[in-house]
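Chemist: sequence plus the predicted model coming up.
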Amino acid sequence: MKGDPNKPHLLSHAYVKNITALYARSFYFASRFFPKHKRQATYALYGFARYTDNLVDNPRDRDREELQRELDHLRWEIETAYRRKESEHPVLKPFIQTAISFSIPIEYPLDLIKGVSMDISHSRYTHVEDLYVYCYRVAGTIGLMMTYIIGFSHRDAFEYAEKLGVAMQLTNILRDIREDKNRGKIYIPMSELERYDVAEEDIFQERFSPAMRSMLKATADNAHRYYEESASGIRYLDTDSRFAIHAASRIYRGILEEFRANDYNPFKGRVSVSFNRKIAITLTEYMKYRRDKVFNRK
(Lines give C-alpha, C1' and ligand atoms only; values in the text may rest on other atoms or scores of the structure.)
Protein backbone atom coordinates (compact mmCIF):
# COMPACT_ATOMS: atom_id res chain seq x y z
CA MET A 1 0.00 0.00 0.00
CA LYS A 2 1.43 3.36 -1.03
CA GLY A 3 1.11 6.20 1.50
CA ASP A 4 1.40 9.97 1.13
CA PRO A 5 5.12 10.79 1.70
CA ASN A 6 4.22 14.34 2.78
CA LYS A 7 1.68 13.28 5.41
CA PRO A 8 3.01 14.01 8.93
CA HIS A 9 4.15 10.79 10.58
CA LEU A 10 3.11 10.81 14.26
CA LEU A 11 5.86 8.44 15.44
CA SER A 12 8.60 10.40 13.63
CA HIS A 13 7.37 13.72 15.02
CA ALA A 14 7.10 12.27 18.53
CA TYR A 15 10.63 10.90 18.18
CA VAL A 16 12.24 14.24 17.24
CA LYS A 17 10.25 15.98 19.98
CA ASN A 18 11.65 13.53 22.54
CA ILE A 19 15.18 13.99 21.18
CA THR A 20 14.85 17.76 21.69
CA ALA A 21 13.47 17.34 25.21
CA LEU A 22 16.24 14.91 26.16
CA TYR A 23 19.29 16.63 24.67
CA ALA A 24 18.42 20.35 24.61
CA ARG A 25 16.47 21.22 27.70
CA SER A 26 16.96 25.01 27.38
CA PHE A 27 16.11 24.94 23.68
CA TYR A 28 13.09 22.71 24.30
CA PHE A 29 11.87 24.94 27.11
CA ALA A 30 12.00 28.09 24.97
CA SER A 31 10.50 26.39 21.89
CA ARG A 32 7.34 25.48 23.85
CA PHE A 33 6.27 29.11 23.45
CA PHE A 34 6.30 29.04 19.64
CA PRO A 35 3.01 28.68 17.72
CA LYS A 36 2.28 24.96 17.24
CA HIS A 37 3.37 24.61 13.59
CA LYS A 38 6.65 26.42 14.27
CA ARG A 39 7.20 24.41 17.46
CA GLN A 40 6.84 21.10 15.57
CA ALA A 41 9.18 22.38 12.85
CA THR A 42 11.70 23.34 15.53
CA TYR A 43 11.64 19.79 16.91
CA ALA A 44 12.18 18.41 13.39
CA LEU A 45 15.18 20.70 12.86
CA TYR A 46 16.74 19.93 16.23
CA GLY A 47 16.09 16.20 15.84
CA PHE A 48 18.05 16.23 12.57
CA ALA A 49 20.89 18.30 14.08
CA ARG A 50 21.13 16.12 17.19
CA TYR A 51 21.00 12.87 15.20
CA THR A 52 23.84 14.12 12.97
CA ASP A 53 25.90 15.18 15.98
CA ASN A 54 25.30 11.90 17.80
CA LEU A 55 26.75 9.88 14.92
CA VAL A 56 30.16 11.27 15.93
CA ASP A 57 29.61 12.07 19.63
CA ASN A 58 28.51 8.47 20.18
CA PRO A 59 30.94 6.60 17.89
CA ARG A 60 30.17 3.16 19.37
CA ASP A 61 32.94 0.85 18.15
CA ARG A 62 33.23 2.52 14.74
CA ASP A 63 36.50 3.94 13.46
CA ARG A 64 36.92 7.31 11.71
CA GLU A 65 36.42 5.93 8.21
CA GLU A 66 33.18 4.22 9.21
CA LEU A 67 31.88 7.39 10.91
CA GLN A 68 32.75 9.47 7.85
CA ARG A 69 30.88 7.00 5.63
CA GLU A 70 27.82 7.40 7.88
CA LEU A 71 27.97 11.18 7.42
CA ASP A 72 28.56 10.78 3.67
CA HIS A 73 25.45 8.58 3.46
CA LEU A 74 23.45 11.12 5.47
CA ARG A 75 24.55 13.86 3.05
CA TRP A 76 23.47 11.67 0.11
CA GLU A 77 20.08 11.03 1.74
CA ILE A 78 19.58 14.77 2.37
CA GLU A 79 20.39 15.56 -1.28
CA THR A 80 18.02 12.82 -2.45
CA ALA A 81 15.26 13.86 -0.03
CA TYR A 82 15.47 17.49 -1.19
CA ARG A 83 15.26 16.34 -4.81
CA ARG A 84 12.43 13.81 -4.22
CA LYS A 85 10.74 15.85 -1.45
CA GLU A 86 10.42 12.84 0.84
CA SER A 87 12.37 10.44 3.05
CA GLU A 88 11.42 7.36 5.05
CA HIS A 89 14.32 7.91 7.47
CA PRO A 90 12.65 8.38 10.91
CA VAL A 91 14.56 11.63 11.60
CA LEU A 92 14.84 12.98 8.06
CA LYS A 93 11.15 12.44 7.30
CA PRO A 94 9.95 15.30 9.59
CA PHE A 95 13.02 17.39 8.75
CA ILE A 96 12.55 17.24 4.99
CA GLN A 97 8.83 18.04 5.38
CA THR A 98 9.87 21.08 7.45
CA ALA A 99 12.61 22.09 5.00
CA ILE A 100 10.19 22.03 2.07
CA SER A 101 7.36 23.71 3.98
CA PHE A 102 9.58 26.58 5.20
CA SER A 103 11.81 26.80 2.06
CA ILE A 104 15.04 26.08 3.94
CA PRO A 105 17.98 26.08 1.45
CA ILE A 106 19.85 22.77 1.19
CA GLU A 107 23.22 24.46 1.77
CA TYR A 108 22.48 24.80 5.51
CA PRO A 109 21.91 21.11 6.42
CA LEU A 110 24.88 20.20 4.21
CA ASP A 111 27.07 22.77 5.98
CA LEU A 112 25.93 21.34 9.33
CA ILE A 113 27.06 17.87 8.22
CA LYS A 114 30.43 19.39 7.19
CA GLY A 115 30.74 20.86 10.69
CA VAL A 116 30.06 17.54 12.39
CA SER A 117 32.60 15.96 10.02
CA MET A 118 35.18 18.40 11.45
CA ASP A 119 34.74 16.59 14.77
CA ILE A 120 36.20 13.52 13.04
CA SER A 121 39.06 15.29 11.29
CA HIS A 122 39.92 17.94 13.92
CA SER A 123 40.89 17.52 17.58
CA ARG A 124 42.50 21.00 17.61
CA TYR A 125 41.87 24.36 15.92
CA THR A 126 44.83 26.53 14.94
CA HIS A 127 43.30 30.01 14.87
CA VAL A 128 40.18 31.80 16.14
CA GLU A 129 38.99 32.03 12.51
CA ASP A 130 39.15 28.23 12.19
CA LEU A 131 36.99 27.83 15.29
CA TYR A 132 34.50 30.35 13.88
CA VAL A 133 34.06 28.16 10.78
CA TYR A 134 33.30 25.18 13.03
CA CYS A 135 30.86 27.22 15.18
CA TYR A 136 29.11 28.54 12.07
CA ARG A 137 28.66 25.07 10.61
CA VAL A 138 27.39 23.27 13.73
CA ALA A 139 25.37 26.12 15.29
CA GLY A 140 25.20 29.18 13.02
CA THR A 141 23.44 27.06 10.41
CA ILE A 142 20.78 26.12 12.98
CA GLY A 143 20.17 29.83 13.64
CA LEU A 144 19.81 30.41 9.90
CA MET A 145 17.39 27.49 9.45
CA MET A 146 15.40 28.66 12.51
CA THR A 147 15.03 32.07 10.85
CA TYR A 148 13.15 30.42 7.97
CA ILE A 149 10.90 28.60 10.45
CA ILE A 150 10.19 31.66 12.58
CA GLY A 151 9.70 34.03 9.64
CA PHE A 152 11.46 37.33 8.98
CA SER A 153 10.75 40.80 7.64
CA HIS A 154 14.27 41.68 6.44
CA ARG A 155 17.26 39.71 5.09
CA ASP A 156 19.48 41.30 7.77
CA ALA A 157 17.86 38.82 10.20
CA PHE A 158 20.22 36.12 8.90
CA GLU A 159 23.41 37.93 9.90
CA TYR A 160 22.14 38.27 13.47
CA ALA A 161 20.86 34.68 13.59
CA GLU A 162 24.32 33.40 12.66
CA LYS A 163 25.88 35.45 15.47
CA LEU A 164 23.42 34.05 18.01
CA GLY A 165 24.25 30.51 16.91
CA VAL A 166 27.99 31.17 17.21
CA ALA A 167 27.50 32.74 20.67
CA MET A 168 25.63 29.64 21.84
CA GLN A 169 28.30 27.29 20.46
CA LEU A 170 31.11 29.25 22.18
CA THR A 171 29.07 28.92 25.38
CA ASN A 172 28.86 25.16 24.84
CA ILE A 173 32.62 24.98 24.27
CA LEU A 174 33.38 26.80 27.53
CA ARG A 175 30.85 24.74 29.49
CA ASP A 176 32.16 21.42 28.13
CA ILE A 177 35.94 21.94 28.35
CA ARG A 178 36.37 19.17 30.92
CA GLU A 179 34.12 16.74 29.05
CA ASP A 180 35.85 17.47 25.73
CA LYS A 181 39.39 17.11 27.08
CA ASN A 182 38.39 13.70 28.44
CA ARG A 183 37.68 12.79 24.79
CA GLY A 184 41.07 14.19 23.72
CA LYS A 185 39.63 17.38 22.24
CA ILE A 186 40.55 21.02 22.85
CA TYR A 187 38.36 23.56 21.04
CA ILE A 188 40.15 26.69 22.35
CA PRO A 189 42.44 27.58 19.39
CA MET A 190 46.16 26.82 19.68
CA SER A 191 46.90 30.49 18.91
CA GLU A 192 45.01 31.43 22.10
CA LEU A 193 46.91 28.87 24.19
CA GLU A 194 50.18 30.30 22.86
CA ARG A 195 49.04 33.89 23.36
CA TYR A 196 48.19 33.28 27.03
CA ASP A 197 51.05 30.84 27.64
CA VAL A 198 48.76 27.93 28.51
CA ALA A 199 49.96 24.40 27.69
CA GLU A 200 47.65 21.66 26.43
CA GLU A 201 48.80 19.59 29.40
CA ASP A 202 47.48 22.30 31.77
CA ILE A 203 44.00 21.56 30.40
CA PHE A 204 44.41 17.78 30.43
CA GLN A 205 45.72 17.89 34.04
CA GLU A 206 43.08 20.48 35.07
CA ARG A 207 45.75 22.94 36.25
CA PHE A 208 43.65 26.11 36.40
CA SER A 209 45.82 29.25 36.56
CA PRO A 210 45.51 33.05 36.20
CA ALA A 211 46.74 32.66 32.60
CA MET A 212 44.04 30.06 31.80
CA ARG A 213 41.45 32.28 33.49
CA SER A 214 42.44 35.21 31.24
CA MET A 215 42.29 33.00 28.14
CA LEU A 216 38.83 31.62 28.94
CA LYS A 217 37.56 35.06 29.98
CA ALA A 218 38.56 36.35 26.53
CA THR A 219 36.50 33.58 24.86
CA ALA A 220 33.57 34.30 27.20
CA ASP A 221 33.82 38.01 26.31
CA ASN A 222 33.68 37.09 22.62
CA ALA A 223 30.55 35.00 23.21
CA HIS A 224 29.02 37.88 25.18
CA ARG A 225 29.76 40.28 22.29
CA TYR A 226 28.01 37.96 19.82
CA TYR A 227 24.95 37.75 22.13
CA GLU A 228 24.85 41.57 22.34
CA GLU A 229 25.22 42.02 18.58
CA SER A 230 22.58 39.40 17.78
CA ALA A 231 19.95 40.93 20.09
CA SER A 232 19.10 43.83 17.78
CA GLY A 233 18.30 41.42 14.93
CA ILE A 234 15.35 39.84 16.77
CA ARG A 235 13.18 42.77 15.66
CA TYR A 236 13.34 41.36 12.12
CA LEU A 237 11.65 38.09 13.22
CA ASP A 238 7.90 37.44 13.21
CA THR A 239 6.29 38.95 16.30
CA ASP A 240 4.65 35.67 17.42
CA SER A 241 8.09 34.10 18.08
CA ARG A 242 10.31 37.01 19.14
CA PHE A 243 9.88 36.60 22.87
CA ALA A 244 10.79 32.89 22.68
CA ILE A 245 14.06 33.79 20.91
CA HIS A 246 14.74 36.55 23.48
CA ALA A 247 14.11 33.96 26.21
CA ALA A 248 16.32 31.32 24.55
CA SER A 249 19.15 33.85 24.16
CA ARG A 250 18.87 34.97 27.78
CA ILE A 251 18.66 31.39 29.11
CA TYR A 252 21.74 30.39 27.14
CA ARG A 253 23.53 33.57 28.20
CA GLY A 254 22.68 32.50 31.73
CA ILE A 255 24.99 29.50 31.25
CA LEU A 256 27.77 31.96 30.39
CA GLU A 257 26.95 33.95 33.54
CA GLU A 258 27.20 30.79 35.65
CA PHE A 259 30.58 30.09 34.04
CA ARG A 260 31.70 33.58 35.05
CA ALA A 261 30.36 33.03 38.58
CA ASN A 262 32.71 30.02 38.73
CA ASP A 263 35.56 32.48 38.00
CA TYR A 264 35.88 30.94 34.46
CA ASN A 265 37.08 27.66 35.98
CA PRO A 266 35.70 24.78 33.85
CA PHE A 267 36.95 22.17 36.29
CA LYS A 268 34.57 23.16 39.10
CA GLY A 269 31.74 21.29 37.39
CA ARG A 270 29.34 21.62 34.46
CA VAL A 271 27.33 24.83 34.78
CA SER A 272 23.62 25.15 33.92
CA VAL A 273 20.59 27.39 34.44
CA SER A 274 18.08 26.22 37.04
CA PHE A 275 14.48 25.50 36.06
CA ASN A 276 13.20 28.31 38.30
CA ARG A 277 15.52 30.80 36.62
CA LYS A 278 14.34 29.65 33.20
CA ILE A 279 10.75 30.27 34.33
CA ALA A 280 11.69 33.75 35.63
CA ILE A 281 13.48 34.68 32.39
CA THR A 282 10.63 33.43 30.22
CA LEU A 283 7.98 35.26 32.25
CA THR A 284 10.01 38.48 32.07
CA GLU A 285 10.34 38.20 28.30
CA TYR A 286 6.65 37.33 27.93
CA MET A 287 5.63 40.42 29.91
CA LYS A 288 7.84 42.57 27.64
CA TYR A 289 6.17 40.95 24.61
CA ARG A 290 2.68 41.67 25.98
CA ARG A 291 3.63 45.26 26.85
CA ASP A 292 5.06 45.89 23.37
CA LYS A 293 1.96 44.33 21.79
CA VAL A 294 -0.37 46.56 23.83
CA PHE A 295 1.59 49.67 22.85
CA ASN A 296 2.09 48.33 19.29
CA ARG A 297 5.86 48.71 19.48
CA LYS A 298 8.03 47.25 16.70
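Modeler: Thanks, I have it. Numbering: from 1, shown residues only.

Chemist: what's the neighbour count on residue 269?
Modeler: Residue 269: 10 surrounding residues under other Cβ atoms under 10 Å. The way it works is simple: take the backbone N, C-alpha and C, and place the C-beta from them, glycine included.

Chemist: for the nearest residue to it once chain neighbours are set aside, what are its contacts?
Modeler: Closest residue to residue 269 apart from its sequence neighbours, by Cβ to Cβ, 6 or more residues apart in numbering: residue 262 at 7.7 Å. When contacts are counted by Cβ atoms under 8 Å, 6 or more residues apart in numbering, residue 262 is found next to 268, 269, 271.

Chemist: now those in TSV, with secondary structure and distance to residue 87?
Modeler: Compiled in TSV, the contacts of residue 262 are given as follows (DSSP: H, G, I helix; E, B strand; the rest coil; distance: Cβ to Cβ, whole Å):
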residue	secondary structure	distance to residue 87
268	helix	43
269	coil	40
271	coil	37
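
Chemist: just those now: which is nearest residue 115?
Modeler: residue 271 (23.8 Å; Cβ to Cβ).

Chemist: residue 242 against residue 289, yeah?
Modeler: Yes: with contacts counted by Cβ atoms under 8 Å, residue 242 reaches residue 289, the gap being 6.7 Å.

Chemist: residue 101 is in contact with residue 40, isn't it?
Modeler: No: under the criterion of Cβ under 8 Å, residue 101 makes no contact with residue 40, lying 10.1 Å away.

Chemist: picking up where we left off before, how about the residue nearest to residue 269, phi and psi?
Modeler: Backbone dihedrals for residue 262, given as degrees, to the nearest 10, come out at phi -90, psi 10.

Chemist: swap in residue 197?
Modeler: According to degrees, to the nearest 10, residue 197 has phi 60, psi 50.

Chemist: check what pLDDT it gets.
Modeler: At residue 197, the pLDDT value in this model is 98.

Chemist: which non-adjacent residue is nearest it?
Modeler: residue 211 (5.4 Å).

Chemist: returning to what we had before: closest to residue 279 among the contacts of residue 262?
Modeler: Nearest to residue 279 among these is residue 271, at 18.2 Å by Cβ to Cβ.

Chemist: contacting residues for the closest one?
Modeler: Residue 271 touches 175, 255, 258, 259, 261, 262, counting by Cβ under 8 Å, 6+ apart.

Chemist: excluding its backbone neighbours, what's nearest it?
Modeler: residue 258 (3.8 Å).

Chemist: what of residue 237?
Modeler: Closest to residue 237 by Cβ to Cβ, 6+ apart is residue 150, at 5.0 Å.

Chemist: what's around the one you found, how many residues?
Modeler: So residue 150, with other Cβ under 10 Å, has 24 neighbours.

Chemist: tell me how far it lies from residue 81.
Modeler: Distance from residue 150 to residue 81, counting by Cβ to Cβ, to the nearest Å: 22 Å.

Chemist: my guess is residue 24 meets residue 43, correct?
Modeler: No: using Cβ under 8 Å, residue 24 is not in contact with residue 43, being 9.9 Å away.

Chemist: right, and residue 190 touches residue 123 too?
Modeler: No: applying Cβ under 8 Å as the test, residue 190 and residue 123 come out as separate, 11.0 Å apart.

Chemist: could you list the low-pLDDT ranges of this structure?
Modeler: For the chain, the stretches with pLDDT under 70 are 1-9, 293-298.

Chemist: now do the strands in it.
Modeler: Counting by DSSP state E, one finds no strands in the chain.

Chemist: ok, now which ones touch the residue positioned nearest the centre of it?
Modeler: With distances taken as Cα atoms, centre = their mean, residue 139 lies nearest the centre of the chain, 4.1 Å away. By Cβ under 8 Å, 6+ apart, residue 139 lies in contact with 165, 166, 168, 169, 172.
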